[in-house]
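> Need coordinates for the below:
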Amino acid sequence: MQFYYNIPMKIELTKKPSQEDAKTISDGLIRFNHKTIPDLEYPEATINFSIFTRDDDGKVIAGLRASCYWNILHIELVWVSEEARGHDIGSQMVEKAEAFAIENGFERALLDTTSWQARPFYEKLGYEVFGTLPDHPKGYALHFMTKKLVT
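Presented below is the predicted three-dimensional model:
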C-alpha cells in the first residue's frame, strides 16, 4: 500500500470497471465542474441519437451516431456503405443531425476524422480543422473539426 499525504491508496487498472466505480468518477468530475460553472448541464441532459439510411428491404446502408451536450453537437461517427457512396447520403445525414441540434438549442458541431477518411467531405459541409494530432495512428493524422451551427 502506498501513502501520499497520509492518504492510504492503491492504484489499479481494470478493463471492466463496475458501474458504481465508473459513476463515482463521473459524478466527481461533475461536482468539480459545477464549482466553476454552476448552471452547466448534467449528463442526464445529454441527447444521444442515431440516424439510419435503409434500402427498400430495410437493410441499413448508412448511419450516423451523435450526441448533444453543453452547447455542442458531437458527431461521433458517420458510415456509408460502399454501394451507397456518391449519392449524397452522408451529407443528408450530417445536415439532419445539424438541424436536430439547432432545433434543440445547440450552437456548434464537433467531430474528428483521420487523414485517410473524410476531411474533404466535412470541409465541403463547412467544417474547419482546428487541430491535428500527428501519428494517430502511426503514419496518419487525426483531424479535429468544428462548425458554427447558428449565426
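> And the lowest mean pLDDT element among the helices and strands of the chain?
Using mean pLDDT, DSSP states H and E, strand 2-4 stands out as the lowest-scoring helix or strand of the chain, at a mean of 56.
> sec struct for residue 99, please.
Per DSSP: H, G, I helix; E, B strand; the rest coil, the local secondary structure of residue 99 is helix.
> Give me the pLDDT for it.
pLDDT for residue 99: 97.
> again, but for residue 45
Taking residue 45 on its own, its pLDDT is 79.
> residues contacting it?
Residues counted as contacts of residue 45 (C-beta atoms under 8 Å, 6 or more residues apart in numbering) are residue 69. (Each C-beta comes from the backbone N, C-alpha and C, glycine too.)
> Now it: phi and psi?
Torsion angles at residue 45 (phi, psi; degrees, to the nearest 10) stand at phi -80, psi -10.
> From residue 100, how far off is it?
15 Å (C-beta to C-beta, to the nearest Å).
> and if you look at residue 49?
7 Å.
> same thing with residue 151?
For residue 151 relative to residue 100 (C-beta to C-beta), the value is 18 Å.
> and these two? which has more neighbours close in?
More neighbours surround residue 100 than the other of residue 151 and residue 100, with 16 against 4 (other C-beta atoms under 10 Å).
> Relative to residue 17, how far out is that one?
For residue 100, the distance to residue 17 equals 31 Å [C-beta to C-beta].
> same check, this time on residue 58
Taking C-beta to C-beta, one finds residue 58 at 37 Å from residue 17.
> So for those two, which sits in the more crowded spot?
More neighbours surround residue 17 than the other of residue 58 and residue 17, with 13 against 7 (other C-beta under 10 Å).
> pretty sure that one is in a helix, no?
No: secondary structure of residue 17 (three-state DSSP): coil, not part of a helix.
> Residue 23: what secondary structure?
Classification of residue 23 using three-state DSSP returns helix.
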